[in-house]
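Colleague: Predicted model, plus sequence, below.
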Amino acid sequence: MAARAYWSGQLKISLVSFGIELYSATKSKGGIAFHQIDRSSGQRVRHLNVIDGDKPIENAEIVKGYEYSKGEYITLEPDEIAKLRIATKKVIEVQQFVEMSELNPALLDSAYFVVPKGKESADAFAVVRKAMQQTKKAAIGEIAFGGREHIVAIVVPSDDSFPGFMAYTMRYGDELRDGKEYMPGDSGAAGDRVDKKQLAMASELIRAYSSPLRLDAFKDDYEEALRALIEAKGKHLPMPAEENVPQRTKVTNLMDALRRSVSEAKKPPARAKSGQERAVQPKRVEEKAAAAKGGPVLVKANARKHKAA
């Protein structure tokens, strides 16, 4: 089944306009989902929408409300919000083009694929894309969806295998805190006193560790450890042992640390162990033995017993 466009409308640059569609470029990771469980009964904790007096309220009866005074609200119906007339719901009008280097990564938010809408938009789409690629510029405009208006940056992806644009919603400038507030008072002055030999060695270390980005080389170790823990508890097995992190020799001299690091980087890499070799396979034991040794015990849901008042 083909994916459904997240947003559909026009990209407008002065008098040039053509149809585009946005598709979400990311997907939610499956991950491990937890529920809240009552430790005593093993039953799932559920949350209800209630009003004063703990009276349950149906979802259909809930509307948005703006508190203009303490305890006083202006309510808005869903269809009233949906009918808001705002141009950026259907048109991204490019306000300016900027250098790619001006896009602060801290301001970038969600990513979307941008493709031409219909054959009639393909030519204009291709011409603008090629021009932006040659000038190395990003288009900045605004787009409305998800209940708010966003700044949007439209760029040509560095990987030319995708013949479309990438769009990134951006945070507004006042949403980004001033990083200087978190820096120590004398850090700026210290930066002016960088030792040239140390700087040269640090640059060599960076070059030694530089290589093309390979995201497939990374994995979520935390989720893997959680799954091992869940499997062990489910089968009444001993807890997975914590992986020992090799201790490094303490080095107090920066230049010495840099030299050793560069030397280590130049050594041939050790053969990586396979996933099966890395995995810790706990030995199966009888449930009674696990319980006797204080092993994990599953909690089955049952009615909570309340003590008489």
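Modeller: Looks like it came in fine.

Colleague: tally of neighbours for the closest residue to Leu76 other than its chain neighbours?
Modeller: Take Leu76 and drop its neighbours on the chain: the residue closest to it by C-beta to C-beta, 6 or more residues apart in numbering is Lys64, 4.8 Å away. Glycine gets a C-beta too; all of them are placed from N, C-alpha and C. Here the number of neighbours of Lys64 (other C-beta atoms under 10 Å) works out to 13.

Colleague: Which phi and psi values does Lys64 adopt?
Modeller: When read as degrees, to the nearest 10, the backbone of Lys64 gives phi -80, psi 140.

Colleague: Let me see the contact set for it.
Modeller: Thr75, Leu76, Pro78, Ile81 (C-beta atoms under 8 Å, 6 or more residues apart in numbering).

Colleague: Give the next helix or strand downstream of the strand or helix carrying the last one.
Modeller: Taking DSSP states H and E as the definition, Ile81 sits inside helix 78-82. Once the chain leaves helix 78-82, the next helix or strand it forms, by DSSP H and E, is strand 91-93.

Colleague: who does that following strand pair up with?
Modeller: Using DSSP bridges, the strands paired with strand 91-93 are strand 7-13 (parallel).

Colleague: what mean pLDDT does the partner strand have?
Modeller: For strand 7-13, mean pLDDT is 96.

Colleague: CA atoms of it as PDB?
Modeller: The C-alpha coordinates for strand 7-13 follow below in PDB (Å, rounded to 0.1, in the frame of the first residue of the first chain):
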ATOM      1  CA  TRP A   7       1.100  17.500   3.300                       C
ATOM      2  CA  SER A   8       0.100  18.500  -0.200                       C
ATOM      3  CA  GLY A   9       0.200  21.900  -1.800                       C
ATOM      4  CA  GLN A  10       2.200  24.400  -3.800                       C
ATOM      5  CA  LEU A  11       5.800  25.600  -3.500                       C
ATOM      6  CA  LYS A  12       5.900  29.200  -4.600                       C
ATOM      7  CA  ILE A  13       9.000  31.200  -5.500                       C
END
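
Colleague: residues of the helix or strand just after that strand that come out buried?
Modeller: Once the chain leaves strand 7-13, the next helix or strand it forms, by DSSP H and E, is strand 16-24. For strand 16-24, burial by neighbour count (16 or more other C-beta atoms under 10 Å) applies to Phe18, Gly19, Ile20, Glu21, Leu22, Tyr23.

Colleague: just to revisit the earlier point, any idea how far the residue nearest to Leu76 is from Asn49?
Modeller: The span separating Lys64 from Asn49 equals 14 Å under the rule C-beta to C-beta, to the nearest Å.

Colleague: Could you do Ile154 as well?
Modeller: 40 Å.

Colleague: And those two? Which one has more around it.
Modeller: When neighbours are counted by other C-beta under 10 Å, Ile154 and Asn49 differ, and Ile154 comes out ahead with 25 against 11.

Colleague: Can you check the pLDDT for the more buried one?
Modeller: We have a pLDDT of 97 for Ile154.

Colleague: hang on, it in a strand?
Modeller: Yes: counting by DSSP: H, G, I helix; E, B strand; the rest coil, Ile154 is part of a strand.

Colleague: Identify the residues contacting the helix holding Ile81?
Modeller: Val63, Lys64, Gly147.

Colleague: Distance of the first one relative to Glu80?
Modeller: The gap separating Val63 from Glu80 is 9 Å, by C-beta to C-beta.

Colleague: go on, Gly118?
Modeller: Distance, Gly118 to Glu80, using C-beta to C-beta: 32 Å.

Colleague: Equivalent analysis for Leu229, please.
Modeller: Look at Leu229 and Glu80: by C-beta to C-beta, they are 48 Å apart.

Colleague: Of those two, which one has the most company?
Modeller: The neighbour comparison of Leu229 against Glu80 (other C-beta under 10 Å) goes to Leu229, with 14 against 11.

Colleague: My guess is the more buried one contacts Pro240. True?
Modeller: Yes: contact criterion C-beta atoms under 8 Å: Leu229 and Pro240 qualify, at 6.3 Å.

Colleague: Pass me the low-pLDDT residue ranges in the protein, would you?
Modeller: 1-2, 186-192, 243, 245-252, 269-309 (pLDDT under 70).

Colleague: Please parse it into its domains.
Modeller: Domain segmentation of the chain under automatic domain parsing yields 7-28+84-173, 222-238+281-300.
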